[in-house]
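A.B. asks: Sharing a model that was predicted from the sequence below.
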Amino acid sequence: MPGGATTLPVSEVFTNTIQGEGPRAGMACQFVRLGGCNLSCSWCDSAYTWDASRYSLRAELTPMTATEIAAQLTPGLPVVLSGGEPLLHQNSPAFRQLIHQLTMMNCDVHVETNGTLAPPALLLSRETTFIVSPKLGNAGDHKSSQSPQPWMGWPRIARAHLKFVVADADDVGEAVARADAMGMPRRRTWVMPLGTTTEELLERWPGIARAAADHYINASQRLHVLAWGDRKGT
Ligand SMILES: Nc1nc2[nH]cc(C(=O)O)c2c(=O)[nH]1
Ligand code: SF4
Ligand SMILES: [Mg+2]
């Protein structure tokens, strides 16, 4: 990403939704979805933010200043920063400006990240919540230049939680092993089902919930998909 960018590549800004996944599932919130990712998960449900081989990123991403983004947001309502990988933009002046504007607007910030990049001091100093999703084998192979290896400092950040996308009980076992290896407490570790339809999510849920409970980790559904399907703007 260009270090001096005064705009961010924005896929979508939407308000009036609920956080669908993980430790804050059900929370009223709004979203800012940024373009670009440093991984290429086979089942990515937001590939339109990064995959130039399948989408026209020029059409999908709009350069916006922090002020333009903030103007579309509701003061006081938590903002989920997602992507793509939003932390790719952490050194951009526009990213810093956006965080400052969200502070002025009294908006909590929750970052949905793949966990490969260390977060900036700016976010750590304002009690940001991090929802960190390291990728399991089910995400397939990434490009040869890409490393899905997570930054190992997440357990030291009290407001960081792991959230693994799992297909079945075996994946839950893999998630537990990964959390344990990172030193992340199980009470801050979540799994959620892979899937973009109600049928898939419900079909996987009993096996995943059972395995999560047996391993003393948390499980969430994907509430927005159950409510509205796999649609942009939700
Ligand atoms: N409602 C809602 N909750 C979400 N939680 C994580 C999301 C994401 O795409 O990162 C997401 C999303 O796209 N919508
Ligand atoms: S890390 Fe997230 S945004 Fe990037 S390819 Fe994987 S699922 Fe998609
Ligand atoms: Mg999503």
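C.D. replies: Nice, I can see it. Just so you know, these numbers come straight off a predicted model, no measurement behind them. Ligands and ions are numbered 1, 2, ... in the order given.
A.B. asks: can you pull the pLDDT of M1?
C.D. replies: Here the pLDDT value assigned to M1 is 47.
A.B. asks: C41 looks like it's in a strand, true?
C.D. replies: No: under the criterion used here (DSSP: H, G, I helix; E, B strand; the rest coil), C41 is coil, not part of a strand.
A.B. asks: In space, what's closest to it - neighbours in sequence excluded?
C.D. replies: Spatial nearest neighbour of C41, excluding adjacent residues (Cβ to Cβ, 6 or more residues apart in numbering): A139 at 3.9 Å. For glycine as for every other residue, the C-beta is placed from the backbone atoms N, C-alpha and C.
A.B. asks: wouldn't the one you found be in contact with N114 here?
C.D. replies: No: using Cβ atoms under 8 Å, A139 is not in contact with N114, being 9.3 Å away.
A.B. asks: Mutual contacts of these two, please.
C.D. replies: Residues touching both A139 and N114 comprise L39, P148, with contact defined as Cβ atoms under 8 Å, 6 or more residues apart in numbering.
A.B. asks: What is the neighbour count of N218?
C.D. replies: Neighbourhood size, N218 [other Cβ atoms under 10 Å]: 19.
A.B. asks: picking that back up, and A139 and N114? which has more neighbours close in?
C.D. replies: N114 (23 against 19).
A.B. asks: The more buried one: what's it in contact with?
C.D. replies: Taking Cβ under 8 Å, 6+ apart as the test, what N114 contacts is C37, N38, L39, E85, V132, S133, P134, K135, P148, P150.
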